[in-house]
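Visitor: quick one, structure for this:
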Amino acid sequence: MHVKTTPNNQITSPDEIASQLDVEVDSTTIVLTPVLAQSVEAVRDKLIASGISEKDVADASARARRPKE
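Guide: From the prediction side, this is the model:
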């Protein structure tokens with residue numbers, strides 16, 4: 001898989017690569033960082049460490065799923 005530069009100096013990459021990268025822009029620098037897959041347990045541990053409970057997640061999901069008025 002190759003990343004290419006277009007005549008307009010734009011970078012193109014295959015979707016397989018782009019979906020695995022986190023892109024950050026810092027003034028004049030573009031930083032591409034690989035996204036690490038985490039287990040469900042690791043995500044739960046982070047939520048618990050942040051003080052977010054299962055009820056908080058359920059409440060947020062319910063609010064997000066409500067029809068807009």
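Visitor: may I ask you to confirm that Val35 is in contact with Asp22?
Guide: Yes - between Val35 and Asp22 there is a contact at 5.2 Å, judged by C-beta atoms under 8 Å. All C-beta atoms are positioned from the backbone trio N, CA, C, and that covers glycine.
Visitor: show me the domain layout of this protein.
Guide: 4-34, 38-69 (automatic domain parsing).
Visitor: mean pLDDT lowest for which of these?
Guide: Of all the domains of the chain, domain 4-34 carries the lowest average pLDDT, namely a mean of 84.
Visitor: now it, how far from the centre of its chain.
Guide: 14 Å (C-alpha atoms, centre = their mean, to the nearest Å).
Visitor: so what would you say the end-to-end distance of that domain is?
Guide: This stretch, domain 4-34, spans 18 Å end to end (C-alpha to C-alpha, to the nearest Å).
Visitor: again, but for stretch 6-18
Guide: 16 Å.
Visitor: where's Lys68 relative to Ala62, distance?
Guide: 14 Å (C-beta to C-beta, to the nearest Å).
Visitor: neighbour count: the two, which is higher?
Guide: Ala62 (9 against 3; other C-beta atoms under 10 Å).
Visitor: neighbours of Gln20, how many?
Guide: 14.
Visitor: residues in contact with it?
Guide: Gln20 makes contact with 34-35 under the criterion C-beta atoms under 8 Å, 6 or more residues apart in numbering.
Visitor: mind listing the strands for this structure?
Guide: 4-5, 11-12, 21-26, 29-34 (DSSP state E).
Visitor: tabulate these in JSON lines, adding columns for mean neighbour count and distance to Glu41.
Guide: JSON lines is the format used below for these (neighbours: other C-beta atoms under 10 Å; distance: least, C-beta to C-beta, whole Å):
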{"stretch": "strand 4-5", "mean neighbour count": "9", "distance to Glu41": "39"}
{"stretch": "strand 11-12", "mean neighbour count": "11", "distance to Glu41": "35"}
{"stretch": "strand 21-26", "mean neighbour count": "10", "distance to Glu41": "21"}
{"stretch": "strand 29-34", "mean neighbour count": "10", "distance to Glu41": "21"}
